[in-house]
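Colleague: Predicted model and sequence follow; I will ask about them next.
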Amino acid sequence: MQVNNSIKIGNYRWRIVVLLFFATTINYIDRQVLGILAPQLTLEFGWSESDYGFIIMAFQAAYAIGLISMGTLLDRIGTRLGFIISISLWSLAGMAHAMARSVFSFSLARFGLGIGESANFPAAIKTVAEWFPKKERALATGIFNSGPNVGAILTPLLIPVIALKWGWQWAFIITGALGFIWLLFWIPMYRKPELQKLLTETERNYILQDDREPETKKLPWKMIITYKQTWGICLARFLTDPIWWFFLYWLPKFLNSNYHINLTNIGLPLIVIYVVSIGGSIFGGWMSSYLIKRGKNPLTARKQTILVMAFLVVPIFFTSFITNVWLAVALISMATFAHQGYAANIFTIVSDIFPKNAVGSVVGLSGFAGAVGGILFSAAVGLILEFTGSYYVIFGIASVAYLLCWLSLHLLVSDHQKIQVL
């Protein structure tokens, strides 16, 4: 179905993206509160390094488990109800941290947070697939996927203020409550395009202009894992998700140890890095959408964009040898910019080649692969730093990870094959 571009289409679909952006921002705020408060909580409860590591691992394990199960659940119950359940769960779990007093109770709260938060990205990608034609999906994904960067900037700015004024418990309670505020907008605003009465007929036709896919048939796990495209996407996430997790969890430590940046007061270099990352998310989505408008096959456009982003990451190898903090920040910013540009497209590739009713499952499976990679890489980073005392091996791995990711997509994901349910 084609829509005359001279007709005003409408913009309700972009309101949905705004909701996804705020959900993703809240997702990252809630998961980062513990990290900001860790020094205070360690002192108050007498945690050892292994205690804190166990608490962090509880979240990572739950997140991995949730990713592989939540996708299937979303494909069955839909994104509207899926978001209601997942955000309610992670918000309650976030607030439950305020009542925790032991390593076990904090770990239990983190586990609940990980299960609930694991649904966010599969649900958001599935929502984009439902609400946008293929030529706009990467841009829409790039917009909502800038939420982690905004969350990474806001959390260290807001949490110390709340904790110092009202106590650390209120930091968890207030941030946990944000999810329930979000639901006040999501519940009345979201329906599938076919059922949303606030949509103009013109915008509805524009959203549904691609071939409609049957929603009655389900793509079972035993079928999903038989496709080489599934393995290509999972391998890509396995290689690159750990690099982003490294940026999130070790970047403050790296800047502090190498350049004496005082992260208690959130140094300007850290803010610059995450602000630049926001631009990468939006630019990566825009670039592939632009290539599609110029006549490129959607998958070709996604992979060409990913290749460009992969080359932008390569110079990060030199970061650990640089003595000037701002030159190091520039290289790190370019790498985080590129990761977010890559992420906008790797998510969208799933909705390009799989039926809508399988998108949540495939995103969840690939996210599980990424989470497993993150757990393994986190352990490796600790050992590498312990034995070498330097980040050069870690940055070396990061510099080639995205090129290997592109290679896996090039070999296993065909530009002209779309998965059909038989």
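Modeller: It's in.

Colleague: contacts, neighbours, all on C-alpha from now
Modeller: Will do.

Colleague: how about low-confidence regions in the stretch 201-350 of the chain?
Modeller: Applying pLDDT under 70 to the stretch 201-350 of the chain flags residues 211-221, 252, 262-267.

Colleague: so which strand or helix has E44?
Modeller: Element membership for E44 (DSSP states H and E) is helix 12-45.

Colleague: quick one: buried residues of that helix?
Modeller: Buried residues in helix 12-45, counted by 16 or more other Cα atoms under 10 Å: 12-13, 16-17, 19-34, 36-37, 41.

Colleague: With stretch 372-387 instead?
Modeller: For stretch 372-387, a neighbour-count test (16+ other Cα under 10 Å) marks V372, G373, G374, I375, F377, S378, I384 as buried.

Colleague: Give me the mean pLDDT for stretch 79-89.
Modeller: What stretch 79-89 shows for mean pLDDT is 93.

Colleague: List the contacts of it.
Modeller: Contacts with stretch 79-89, where a contact means Cα atoms under 8 Å, 6 or more residues apart in numbering, come from 73-74, 112-113, 115-117, 119-120, 123-124, 126-127, 179-180, 183, 186-187, 190-191.

Colleague: One more pass at 7 Å, please.
Modeller: The list of residues contacting stretch 79-89 from outside it, by Cα atoms under 7 Å, 6 or more residues apart in numbering, reads L74, G116, E117, A119, A123, T127, G179, F180, L183, Y190, R191.

Colleague: mind listing what I159 touches?
Modeller: By Cα under 7 Å, 6+ apart, I159 lies in contact with V33, A171.

Colleague: which residues in the stretch 51-200 of the chain form strands?
Modeller: Counting by DSSP state E, counting those that start in this stretch, no segments of the stretch 51-200 of the chain form strands.

Colleague: hey, where'd the helices end up in it?
Modeller: 79-96, 103-117, 120-131, 134-144, 147-166, 168-189 (DSSP state H, counting those that start in this stretch).

Colleague: Convert the C-alpha atoms of stretch 29-36 to PDB, please.
Modeller: The C-alpha trace of stretch 29-36 is given here as PDB (Å, rounded to 0.1, in the frame of the first residue of the first chain):
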ATOM      1  CA  ILE A  29      18.000   5.000  35.800                       C
ATOM      2  CA  ASP A  30      16.500   2.200  37.900                       C
ATOM      3  CA  ARG A  31      19.400  -0.200  37.200                       C
ATOM      4  CA  GLN A  32      22.100   2.400  37.900                       C
ATOM      5  CA  VAL A  33      20.900   3.700  41.300                       C
ATOM      6  CA  LEU A  34      22.700   0.900  43.200                       C
ATOM      7  CA  GLY A  35      26.000   1.700  41.500                       C
ATOM      8  CA  ILE A  36      25.800   5.300  42.400                       C
END
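
Colleague: Need phi/psi at G167.
Modeller: Main-chain torsions, G167, degrees, to the nearest 10: phi 110, psi 150.

Colleague: Let me know how buried it is, in neighbour terms.
Modeller: By other Cα atoms under 10 Å, the residues close to G167 number 14.

Colleague: So W47, which state does it fall into?
Modeller: For W47, the assignment made with DSSP: H, G, I helix; E, B strand; the rest coil gives coil.

Colleague: okay, now it: neighbour count?
Modeller: Using other Cα under 10 Å, W47 has 16 other residues around it.

Colleague: One more: P188?
Modeller: With other Cα under 10 Å as criterion, P188 counts 8.

Colleague: Repeat that for K296.
Modeller: Look at K296: counted by other Cα under 10 Å, it has 15 neighbours.

Colleague: picking up where we left off before, got the contacts of stretch 79-89 as JSON lines, with distance to I224 columns?
Modeller: Output for the contacts of stretch 79-89, formatted as JSON lines (distance: Cα to Cα, whole Å):
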{"residue": "L74", "distance to I224": "16"}
{"residue": "G116", "distance to I224": "24"}
{"residue": "E117", "distance to I224": "23"}
{"residue": "A119", "distance to I224": "19"}
{"residue": "A123", "distance to I224": "18"}
{"residue": "T127", "distance to I224": "20"}
{"residue": "G179", "distance to I224": "32"}
{"residue": "F180", "distance to I224": "34"}
{"residue": "L183", "distance to I224": "32"}
{"residue": "Y190", "distance to I224": "28"}
{"residue": "R191", "distance to I224": "27"}
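
Colleague: which of those residues tops the neighbour count?
Modeller: Ranked by neighbour count (other Cα under 10 Å), these have E117 at the top, with 31 neighbours.

Colleague: still on that earlier bit, which helices and strands does the helix holding E44 pack with?
Modeller: helix 120-131, helix 134-144, helix 147-166, helix 168-189 (3 or more Cα pairs under 7 Å, 6 or more residues apart in numbering; DSSP states H and E).

Colleague: now P242, nearest residue through space, not along the chain?
Modeller: Excluding the flanking residues, the one nearest P242 by Cα to Cα, 6 or more residues apart in numbering is G374, at 4.0 Å.

Colleague: what helix or strand is that neighbour on?
Modeller: Counting by DSSP H and E, G374 is part of helix 356-388.
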